[in-house]
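>>> below are the sequence and a predicted model; questions follow.
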Amino acid sequence: MVVGFAIVAAWEVVTAAGVIGFRRPIYNALSLVANMLGLAVLFLMLNAQFLFAAQVIVYAGAVMVLFVFIIALLNPLSELSLEPRGSEWIAGAVLGVIFAALFAALLFNRGLTGKTGTFTPEAISAVGNVQAIGTALYTRFLFPVEVTSILLLVAAVGAVYLAMRRIR
Amino acid sequence: MPVPAYTFLVLSGLLFTMGAVGFLVRRNPLVVFMCIELMLNAVNLAFAAESRYLNSLDGVVFAFLVITVAAAEVVVGIAIIVQVYRSGRQMDVDQLDLMKE
């Protein structure tokens, strides 16, 4: 378990570095696919099978197909001049270190506190992961689910509207 | 031997930081979008870890909602990027200042 986690964690960090480091957008996109699949494996380790399936289907499937399709359509090879300058990389790295230090201070001061719930892995596997999440989604979290469905509708309408008109 | 919870949170923080650095540094709008996805994914990992180690399903449900919101955001964002490309403007986030006019 620990060895598996270490391998996947290293995979995640390397592919994330690929997302921000590669010069050609198609390599960035493929690194992001690899990163999302590694994250799906981490979800599986965390006993979140439903999230694993959603991650693979929605992210690694739909979202990344959209990204790769748009990259192929726009042919961004002509924009290699858009590279970050060296000074920008240094400024970004400094800000990243400050950000990471803040995160670390927060994490090691507070830790993982909170009220423990009743959904132990045994309790979840007794009813099934998808059933347990579905029950939670459509009882306690019914209102957020409805709001999200309206958001998806608005996004679809907005995308169609943007695709139809031409900005000057 | 199980993995302690804070290692997942450390990995999540690391991925979020890398996404934030990429967001600040890169200038291609598509890559900036990918960095936003990286940050959202890191948050999802933190949610799933909290959910697992606190024996609660709230984190998983919330991560699912985050995935949905991210999908909607990508659809609208890419539609805007394609519009900007079709209008013939330079694809550089430093040069895109339509809202100023």
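Good, I have the coordinates.
>>> and A:Phe143, what helix or strand is that in?
helix A:142-164 (DSSP states H and E).
>>> residues in contact with that helix?
A:137-138, B:65, B:68-69, B:71-73, B:75-76, B:79-80, B:82-83 (CB atoms under 8 Å, 6 or more residues apart in numbering or on different chains). (Each C-beta comes from the backbone N, C-alpha and C, glycine too.)
>>> buried set for that helix?
Using 16 or more other CB atoms under 10 Å in any protein chain shown as the test for burial, helix A:142-164 gives A:Thr148, A:Leu151, A:Ala155, A:Ala159, A:Leu162.
>>> before we move on, back to that, list just the nearest of the contacts of helix A:142-164 to B:Glu37.
Nearest to B:Glu37 out of these is B:Glu73 (CB to CB; 8.9 Å).
>>> picking that back up, any of the contacts of helix A:142-164 buried? List them.
A:Leu137, B:Leu65, B:Thr68, B:Val69, B:Ala71, B:Ala72, B:Glu73, B:Val75, B:Val76, B:Ala79, B:Ile80, B:Val82.
>>> picking that back up, make TSV from the buried residues of helix A:142-164 and add pLDDT to it.
Listed next are the buried residues of helix A:142-164 as TSV, based on pLDDT from 0 to 100:
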residue	pLDDT
A:Thr148	93
A:Leu151	94
A:Ala155	93
A:Ala159	89
A:Leu162	86
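>>> residues in contact with the closest residue to B:Tyr53 other than its chain neighbours?
Among residues not flanking B:Tyr53 along the chain, B:Ala5 sits closest, at 4.0 Å (CB to CB, 6 or more residues apart in numbering or on different chains). With contact taken as CB under 8 Å, 6+ apart, B:Ala5 is in contact with A:Leu112, B:Ala49, B:Glu50, B:Arg52, B:Tyr53.
>>> cool, A:Pro121 as well?
Contacts of A:Pro121 by CB under 8 Å, 6+ apart are A:Asn47, B:Arg52.
>>> list only buried entries from the contacts of B:Ala5.
For these, buried by 16+ other CB under 10 Å: B:Ala49, B:Glu50, B:Arg52, B:Tyr53.
>>> ok, which pair from those is furthest apart?
Largest pairwise distance in the buried ones among the contacts of B:Ala5, by CB to CB, is 7.4 Å, between B:Glu50 and B:Arg52.
>>> what residues do these two have in common as contacts?
By CB under 8 Å, 6+ apart, the residues touching both B:Glu50 and B:Arg52 are B:Ala5, B:Gly59.
>>> where does the prediction get shaky in chain B?
Applying pLDDT under 70 to chain B flags the ranges B:1, B:101.
>>> by residue count, which helix of it is the longest?
Ranked by residue count, the top helix of chain B under DSSP state H comes out as helix B:58-86.
>>> how far does it sit from the chain's center?
9 Å (CA atoms, centre = their mean, to the nearest Å).
>>> which residues touch the residue most central in space within chain A?
Nearest residue to the geometric centre of chain A (CA atoms, centre = their mean): A:Met36, 6.4 Å. By CB under 8 Å, 6+ apart, the contact list for A:Met36 reads A:Gln55, A:Val56, A:Tyr59, A:Ala60, A:Met64, B:Glu37, B:Asn41.
>>> residues near B:Tyr85, how many?
18 (other CB atoms under 10 Å in any protein chain shown).
>>> residues touching it, list them.
A:Leu74, B:Met91.
>>> distance of it relative to B:Gly59?
38 Å (CB to CB, to the nearest Å).
>>> next one: A:Val8
A:Val8 is 19 Å from B:Gly59, by CB to CB.
>>> what helix or strand does B:Gln90 sit in?
Applying DSSP H and E, one finds B:Gln90 in no helix or strand.
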